[in-house]
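Student: Using only what follows, build the 3D model:
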Amino acid sequence: MHRNFPKTERYGLGRRIDTLFLEILELTFTASYLPIDPKIILLGKIISRLDILKFFPQIAWENKLIPDEKYIELSQKLQEIGRDIGAWKKGLVEKKTPAK
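Tutor: Numbers count the residues shown, from 1 in each chain. Coordinates of the predicted model:
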């Protein structure tokens, strides 16, 4: 994504967005192989990173570094990813917690 930013923003905000995307992908891949307890903890970390990631495109959009259409599309996809990760974590917590 950072290649589309003006040169002055490319290596700051743009690079941070790209780094967070890659970090979230890596953590999600790692979580898929963990036992339930560490997986729940790591999913919490992924959700936190995703919340930070949602913030940076908003800053880019507000500073007119990305067009409205691209921001809307990216925001919708990040929301969907957040719902999926949240549902994954919730399912694991429910599976771990004994029914009353």
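Student: Please count neighbours and contacts with C-alpha atoms only from this point.
Tutor: Will do.
Student: Just checking the distance from the helix ranked longest in the chain to the centre of its chain.
Tutor: In the chain, with assignment by DSSP state H, the single longest helix is helix 68-96. Going by Cα atoms, centre = their mean, to the nearest Å, the spacing between the C-alpha centre of helix 68-96 and its chain's C-alpha centre is 8 Å.
Student: same question, stretch 25-45
Tutor: Counting by Cα atoms, centre = their mean, stretch 25-45 comes out at 14 Å from the chain centroid.
Student: So which bits of it are buried?
Tutor: 27-28, 31, 36, 39-40, 42-43 (16 or more other Cα atoms under 10 Å).
Student: what's the most distant pair in these?
Tutor: 27 and 36 (14.6 Å; Cα to Cα).
Student: show me where pLDDT drops low in the protein?
Tutor: The chain contains residues with pLDDT under 70 at 1-11, 99-100.
Student: ok so, going back, the buried residues of stretch 25-45 into JSON lines, with extra columns for distance to residue 82 and secondary structure?
Tutor: Compiled in JSON lines, the buried residues of stretch 25-45 are given as follows (distance: Cα to Cα, whole Å; DSSP: H, G, I helix; E, B strand; the rest coil):
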{"residue": "27", "distance to residue 82": "14", "secondary structure": "helix"}
{"residue": "28", "distance to residue 82": "12", "secondary structure": "helix"}
{"residue": "31", "distance to residue 82": "15", "secondary structure": "helix"}
{"residue": "36", "distance to residue 82": "19", "secondary structure": "helix"}
{"residue": "39", "distance to residue 82": "16", "secondary structure": "helix"}
{"residue": "40", "distance to residue 82": "14", "secondary structure": "helix"}
{"residue": "42", "distance to residue 82": "14", "secondary structure": "helix"}
{"residue": "43", "distance to residue 82": "10", "secondary structure": "helix"}
